[in-house]
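Student: Predicted model and sequence follow; I will ask about them next.
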Amino acid sequence: MYIAFVCCNTHACDAKKRHAIPHARIANCRQASRPHCQAGREDVTLATTDYLPVTLPRKQAHSQPDSWADVLVIGAGPTGLACAIEVQKIGLKAIVIEKGCLVNSVYNYPTNMTFFTTPELLEIGDVPFPCAGQKPTRQEALEYYRRVTEHFHLHVCQYQWVKTVTGKDGDFRVTATDRAGKIHDYRTKKVIVSTGYYDLPNNLDVEGEELEKVFHYYKEPYAYYDSDVVVIGGKNSAAEAALDLWRHGARVTLVYRGDQISPSVKYWVRPDLENRIKNDEINAYFRSLLRQVGTDYVVLDTPKGSVRLENDFVFALTGYHPDYDFLSSLGLELSDLQHRPVCDPETLESNVPGIYVAGVIVAGSRTSEIFIENGRFHGKQIAAHLKQSFETGRRTAEM
């Protein structure tokens with residue numbers, strides 16, 4: 001008897017390139033294990049029929065060897081990674097699904113950002129965070145979390161967007177799609193949702209916000225030299241962006257609805273910005289709102305009335321929020337005012353048995369309550385409850 005190898009490449013195999021080999025020659029063949037998901041690749045299929053049709057039937061969806069887990073974590077930010085680490089420490093298999101890259105939110109921070117906190121408060125998995133200075137930079141954080149992921153051999157599937165979670169406690173089905181539109185199906189006993197909030201900006205809902213000149217994220221200043229730039233907001237993101245733009249040759253106007261720069265701004269940033277405003281190096285409109293964005297202008301509502309300014313670019317750095325629609329689609333109950341998921345404060349299990357919440361989404365719209373510094377401990381809370389739950393399940397099965 002002969003067995004034919006079927007090419008798994010997306011391009012059609014030329015019939016002349018198919019080779020039949022004796023069954024004995026493949027008896028010891030084994031597929032290499034894959035620690036991380038790679039979109040666009042499929043397992044080699046062995047056809048045991050003597051006749052191989054020119055057109056193969058569509059492969060039916062089923063659970064691959066690497067698509068089941070005891071616990072599936074949605075989100076590969078620092079908190080999601082911490083959860084996966086703690087799950088592995090109690091002997092359970094974890095898979096992490098991330099719609100962007102590893103620690104996608106940190107990656108999207110401004111290029112030269114420095115954290116407010118010290119490195120030990122960003123550590124996960126009891127792995128030390130080496131840092132050249134007193135406070136870590138974005139680049140150091142990206143490198144640290146990558147090394148931690150490698151150290152614990154975490155199974156992270158990047159660039160897969162979770163679309164649906166169905167089933168029940170002990171038997172959930174999770175469906176995700178990758179950038180090529182390919183569908184990935186997973187089965188898991190428990191689900192941890194740690195999707196963060198940085199993907200969804202708080203829109204201003206003003207005329208012209210959809211223009212290409214309006215941004216809700218800031219990366220670096222070089223493209224805005226000798227340009228009129230308006231920065232909306234008065235907290236850390238807006239304060240740091242305004243200073244960075246000004247230092248690199250932009251003409252900056254800061255617009256903030258508050259009476260003054262927020263007291264929560266980093267202690268070394270706030271006096272710097274206040275001095276730039278005092279010296280008229282950065283224009284500032286407090287107790288003011290952006291009302292309209294045009295191709296070469298903006299209109300503000302200020303205490304002195306409507307003001308029209310020449311403008312080339314707008315950075316609306318007014319904060320971000322969790323994906324409430326996705327949380328609701330899972331069946332999670334959200335509080336009316338702050339959209340906090342209803343959960344046990346000790347175990348972080350939601351109102352849906354078997355689904356846990358972790359990280360900033362626990363705070364709902366109060367995103368300033370939870371950071372990496374305190375969200376990283378959610379993994380230990382959840383793992384403690386999972387250990388108890390799985391042990392109870394084993395004892396019940398043995399009876």
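Tutor: Right, received. Where do you want to start?
Student: residue nearest the centroid of this structure?
Tutor: Residue closest to the average C-alpha location in the chain (Cα atoms, centre = their mean): Asn104, at 4.7 Å.
Student: How about the contacts made by the spatially closest residue to that one that is not a sequence neighbour?
Tutor: Computed as Cβ to Cβ, 6 or more residues apart in numbering, the closest residue to Asn104 that is not its neighbour in sequence is Glu98, at 6.4 Å. Just so you know, the C-beta spots here come from the backbone N, C-alpha and C atoms, and that holds for glycine as well. Glu98 sits next to 75-76, 80, 104, 156-160 when contact means Cβ atoms under 8 Å, 6 or more residues apart in numbering.
Student: Can you tell me which of those residues is nearest Ala383?
Tutor: Nearest to Ala383 among these, counting by Cβ to Cβ, is Gly80 at 13.1 Å.
Student: my guess is that closest one meets Glu86, correct?
Tutor: No - using Cβ atoms under 8 Å, Gly80 is not in contact with Glu86; the gap is 11.1 Å.
Student: roughly how far apart are Ser361 and Leu300?
Tutor: Not quite, residue 361 is Ile, not Ser. Remark: distance between Ile361 and Leu300 (Cβ to Cβ, to the nearest Å) = 33 Å.
Student: For the lengthiest strand in the chain, which strands pair with it and how are they oriented?
Tutor: As assigned by DSSP state E, the longest strand anywhere in the chain is strand 183-193. Sheet partners assigned to strand 183-193 using DSSP bridges are listed as strand 68-74 (parallel), strand 171-178 (antiparallel), strand 355-357 (parallel).
Student: how far out from the middle of the chain is the longest one?
Tutor: Taking the mean of its C-alpha atoms, strand 171-178 sits 17 Å from the chain's own mean (Cα atoms, centre = their mean, to the nearest Å).
Student: So for stretch 226-242, first residue to last residue, what's the gap.
Tutor: Stretch 226-242 has its terminal residues 14 Å apart, counting by Cα to Cα, to the nearest Å.
Student: Quick check: Lys189 vs Cys131, distance?
Tutor: Between Lys189 and Cys131 the distance is 38 Å, computed by Cβ to Cβ.
Student: Look at these two and report which has more neighbours.
Tutor: Between Lys189 and Cys131, counting by other Cβ atoms under 10 Å, Lys189 is the more crowded of the two (21 against 17).
Student: residues in contact with the more buried one?
Tutor: Neighbour list for Lys189: 69-71, 169-172, 354, 390 [criterion: Cβ under 8 Å, 6+ apart].
Student: what comes up buried for the lengthiest helix in the chain?
Tutor: If you go by DSSP state H, the chain has its longest helix at helix 378-398. Along helix 378-398, these residues count as buried under the neighbour rule (16 or more other Cβ atoms under 10 Å): 378-379, 381-383, 385-387, 389-390.
Student: So which residues of the stretch 101-250 of the chain form helices?
Tutor: Using DSSP state H, counting those that start in this stretch, the helices found in the stretch 101-250 of the chain span residues 104-107, 138-151, 236-247.
Student: any residues touching the helix or strand that the last one is followed by, and which ones?
Tutor: Proceeding C-terminally, helix 236-247 gives way to strand 251-256 as the next helix or strand, assigned by DSSP states H and E. Counting by Cβ under 8 Å, 6+ apart, the neighbours of strand 251-256 from elsewhere in the structure are 226-234, 238, 242, 245-246, 273, 277, 282-286, 288-290, 300, 309.
Student: Tell me which of those residues fall in strands.
Tutor: Using DSSP E, those in strands are 228-232, 283-286, 289-290, 300, 309.
Student: Filter those down to the buried ones.
Tutor: Buried subset of those (neighbour count, 16+ other Cβ under 10 Å): 228-232, 284-286, 290, 300.
Student: of these, closest to Glu349?
Tutor: Using Cβ to Cβ, Ile232 comes nearest to Glu349 of these, at 38.3 Å.
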